[in-house]
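*Asks:* pasting the structure only:
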């Protein structure tokens, strides 16, 4: 990602606008309830392009438990999201998302507010306990056993992202559910305790329970008490020095920065009012988005004259299929904050500016049937965000 001066970026943008106006017609804004028509996209009526917005924050279909609540979006209620499922969850202080594991998806998470404690075990017997706060990320590989606790004084709100669109958070492998469906004689034999030990255990899945808020973890740990895994499961994303561009910032966490996150990459992007996350596509990954603040507009281009434009507000979810061109604009008066997750541990993108800059000007002139001078002021490479 190469940073450019504001003058270079604005100059390049102006040249492109003048030279390519005949080819880069912009779709009018659409909402989730108003998908683009065939006339607007140029696509035949038999090949509509869907909306790529889901209003996760405003839906009321959430499951309530003593220690908190959760609501999800996946391919069942948001069909375009074939590769991702997401869960918005809140835990009270002392709320416990019980010990469980996911057999068909890895879990990438971002703490939106408050603080929580995660505890995880890996197949090698290594375990880790971490306290995380707003702006932190965690990653649990598929099949790793884990739990999440809400800490005082206010508990926590976070988003979970899973790399499987068919995944449902409410069909996970929970420890209370497993033990409730195992004869107590088997449990007693397995754990070497009397059968009476299990008399008061839950008779069904607890999912989110409520207890006393956990106290501070002892530090330093008692000698000989740790069996930590080789790779940590937590990452302080907001602690990362952001990459700054005219119009905004980006913090990126791929496997390069967070080695355990081998199958997923995350990013936190901010756009100032009027700023544009430039036109680009990802050759190796689908993209899942959660809009955290502000008002944004995204257009997704799907070839064959198809395009879809949606407006996004706080806690709306967006989705971009692999290889589809797209861009995001801040169309509001406040800073736009967007959380992005891609289903590859390696981050790849190809941007419009980078693509144009890599081609000889005579070739571009022939491609667009315009004078070579049209491309003299374009940026020399990727701009990422332009003000």
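*Replies:* Looks like it arrived, so ask away. Source: prediction; values computed, not measured.

*Asks:* Run the chain-centre distance for stretch 69-87.
*Replies:* 12 Å (C-alpha atoms, centre = their mean, to the nearest Å).

*Asks:* Give me the residues contacting that stretch.
*Replies:* 50-52, 54, 56, 59, 61-63, 88-90, 105, 159-170, 208, 286, 288, 290, 317, 319, 321-322, 341, 343 (C-beta atoms under 8 Å, 6 or more residues apart in numbering). (C-beta placed from N, C-alpha, C; glycine too.)

*Asks:* top strand in the protein by residue count?
*Replies:* strand 107-121 (DSSP state E).

*Asks:* Point out where the stretch 1-150 of the chain drops to low pLDDT.
*Replies:* Where the stretch 1-150 of the chain drops to pLDDT under 70, the residues are 1-47.

*Asks:* all helices for it, in order.
*Replies:* 6-20, 38-41 (DSSP state H, counting those that start in this stretch).

*Asks:* now swap in the stretch 151-300 of the chain and tell me
*Replies:* 175-180, 184-191.

*Asks:* Sheet partners, orientation included, of the longest strand of the chain?
*Replies:* strand 127-133 (antiparallel), strand 136-140 (antiparallel), strand 145-150 (antiparallel), strand 156-162 (antiparallel) (DSSP bridges).

*Asks:* For residue 319, see how far away the spatially most central residue of the chain is.
*Replies:* Taking C-alpha atoms, centre = their mean as the criterion, residue 341 is the residue nearest the geometric centre of the chain, at 3.2 Å. For residue 341, the distance to residue 319 (C-beta to C-beta, to the nearest Å) stands at 10 Å.

*Asks:* so what's in contact with these two at the same time?
*Replies:* 84, 287-289.

*Asks:* does residue 312 really touch residue 291, like I thought?
*Replies:* Yes. The pair residue 312 and residue 291 qualifies as a contact (C-beta atoms under 8 Å) at a distance of 4.4 Å.

*Asks:* who's more crowded, those two?
*Replies:* Using other C-beta atoms under 10 Å, the more surrounded residue of residue 312 and residue 291 is residue 312, with 27 against 24.

*Asks:* quick one: common contacting residues for residue 312 and residue 291?
*Replies:* With C-beta under 8 Å, 6+ apart as the test, residue 312 and residue 291 both reach residue 318.

*Asks:* Write down the beta-bridge partners of the closest residue to residue 300 other than its chain neighbours, one by one.
*Replies:* Spatial nearest neighbour of residue 300, chain neighbours left out: residue 326 (4.7 Å); criterion: C-beta to C-beta, 6 or more residues apart in numbering. Beta-bridge pairing for residue 326 (DSSP bridges): residue 280, residue 300.

*Asks:* Any figure for the gap between the residue at the greatest distance from the centre of the chain and residue 188?
*Replies:* The outermost residue of the chain relative to its centre, with distances by C-alpha atoms, centre = their mean, is residue 194 at 45.4 Å. Residue 194 is 6 Å from residue 188, where distance means C-beta to C-beta.

*Asks:* what does residue 175 give?
*Replies:* Distance of residue 175 to residue 188, given as C-beta to C-beta: 16 Å.

*Asks:* Could you do residue 120 as well?
*Replies:* Note on residue 120: its distance to residue 188, by C-beta to C-beta, is 27 Å.

*Asks:* Likewise for residue 157?
*Replies:* 39 Å.

*Asks:* on that earlier part again, buried ones among the contacts of stretch 69-87?
*Replies:* 50-52, 54, 56, 88-90, 105, 159-165, 167-169, 208, 286, 288, 290, 317, 319, 321-322, 341, 343 (16 or more other C-beta atoms under 10 Å).

*Asks:* and residue 365, that's in a strand?
*Replies:* No. Counting by DSSP: H, G, I helix; E, B strand; the rest coil, residue 365 falls outside a strand, being helix.

*Asks:* so which helix or strand takes in residue 353?
*Replies:* Element membership of residue 353, judged by DSSP states H and E, is helix 352-357.

*Asks:* buried residues in that helix?
*Replies:* Buried residues in helix 352-357, counting neighbours by 16+ other C-beta under 10 Å, are found at 352-354, 356-357.

*Asks:* What of stretch 257-269?
*Replies:* 257-258, 260-261, 263-269.

*Asks:* what do you get for stretch 138-148?
*Replies:* For stretch 138-148, a neighbour-count test (16+ other C-beta under 10 Å) marks 138-141, 144-148 as buried.
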